[in-house]
Every structure is written in structure tokens, then in C-alpha cells.
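>>> Quick check, what structure comes out for this input:
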Amino acid sequence: MISILTGEKGDGKTKKILEMANEAIKTSHGNIIFIDYDNKNMYGLHFNIRFTETTDFPISNYRELVGFICGIISQDNDIEKIYIDSIDKILKNFDNEDLQRLVKKLSDLSQKYSLEFVLSMSAPEELIPYELKDMVIK
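Below you'll find the predicted structure:
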């Protein structure tokens with residue numbers, strides 16, 4: 001399952017995704033991963049959530065992000081949920097086609113490994129491709 005949290009810059013997306021991850025840890029039977037482009041939100045997460053920042057890794061497109069996520073999955077068979085904050089900051093040149101390709105790859109991983117992904121990005125909901133509208137959460 002994939003969920004996408006969208007909104008304009010300053011709408012509180014990061015606060016909401018942090019709250020979602022912290023709430024999920026209370027009922028999770030597996031591990032939770034939180035991926036962000038920097039470490040400023042690290043201390044807003046429950047200590048049992050594995051935090052990973054991407055600034056030290058050469059991630060510049062959706063394929064590299066998927067590879068990065070596959071590396072994380074390969075090291076932990078007990079992952080239940082992966083939260084990715086600000087994918088538009090992790091992937092600098094990112095458009096709707098890339099978003100659709102990323103979601104397709106994550107969907108495949110989700111089904112194969114029984115994972116749930118929650119993505120956040122700065123974009124108004126109306127700019128999200130029609131094919132992904134049912135994944136958007138408020």
C-alpha cells in the first residue's frame with residue numbers, strides 16, 4: 001500500500017508524517033523506517049523508529065532512491081512501514097512521470113515484501129497525476 005501526503009510548503013506535511021510514524025510505532029509488529037533528506041526531524045521520532053537521512057548518499061533520481069530503499073529492505077526482513085518525507089527535496093529534478101514510476105516500483109516492493117509506504121511532497125493535490133489520486137491522503 002502506498003499513501004501520498006501532499007500540500008503546499010508550510011502546510012504541515014512534515015509534522016503530520018512524523019505524527020503518523022510515531023502513532024504507527026504504537027501498534028506495529030514490525031520495524032518502521034523514516035527516510036528524510038536531512039536530520040533535523042530525527043529527534044521528533046520515537047526512539048524505536050529507524051531514521052535515515054539521504055544527504056550522504058548519491059541519490060538524484062527515482063531509480064537511485066528505489067535502490068537505496070532496496071538496500072534498506074535487504075538488511076531487515078521485519079520492516080512493516082517506510083515513511084519518506086519530502087521526496088521532492090530528496091530528488092531534485094522530479095516530475096509527475098518520475099512520481100508515477102517511483103510509485104510503481106514502490107508498489108511492487110510493497111506487494112512483494114508486505115510493506116506500507118507513506119510519501120510526502122510539496123505539491124498541491126491538483127498537480128498529482130490522476131492515476132495516483134486515490135493514494136493521496138489529507
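>>> can you list contacts of the helix or strand bottoming out on mean pLDDT in the chain?
Least confident helix or strand, the chain: strand 136-137 with a mean of 84, by mean pLDDT, DSSP states H and E. Contacts to strand 136-137, defined as Cβ atoms under 8 Å, 6 or more residues apart in numbering, come from residues 3-6, 118, 125, 128. For glycine as for every other residue, the C-beta is placed from the backbone atoms N, C-alpha and C.
>>> Please apply the same query to stretch 73-80.
Applying Cβ under 8 Å, 6+ apart, the external contacts of stretch 73-80 come out as 24, 28-33, 50, 72, 109, 113-116.
>>> Tell me where this protein has helices.
13-27, 62-74, 87-90, 96-113 (DSSP state H).
>>> Mean neighbour count, those: which tops it?
Of all the helices of the chain, helix 87-90 has the most neighbours on average by mean count of other Cβ atoms under 10 Å, namely a mean of 20.
>>> Show me what that one is packed up against.
Judged by 3 or more Cβ pairs under 8 Å, 6 or more residues apart in numbering; DSSP states H and E, helix 87-90 is in contact with strand 116-122.
>>> For the residue nearest the centre of the chain, give the beta-bridge partners.
Nearest to the geometric centre of the chain sits I84, at 2.1 Å (Cα atoms, centre = their mean). Beta-bridge partners of I84, counted by DSSP bridges, are I35, L119.
>>> Wait, it touches L119, no?
Yes - using Cβ atoms under 8 Å, I84 and L119 qualify as a contacting pair, with a distance of 5.0 Å.
>>> just for the chain, where's the confidence low?
Residue ranges of the chain with pLDDT under 70: 138.
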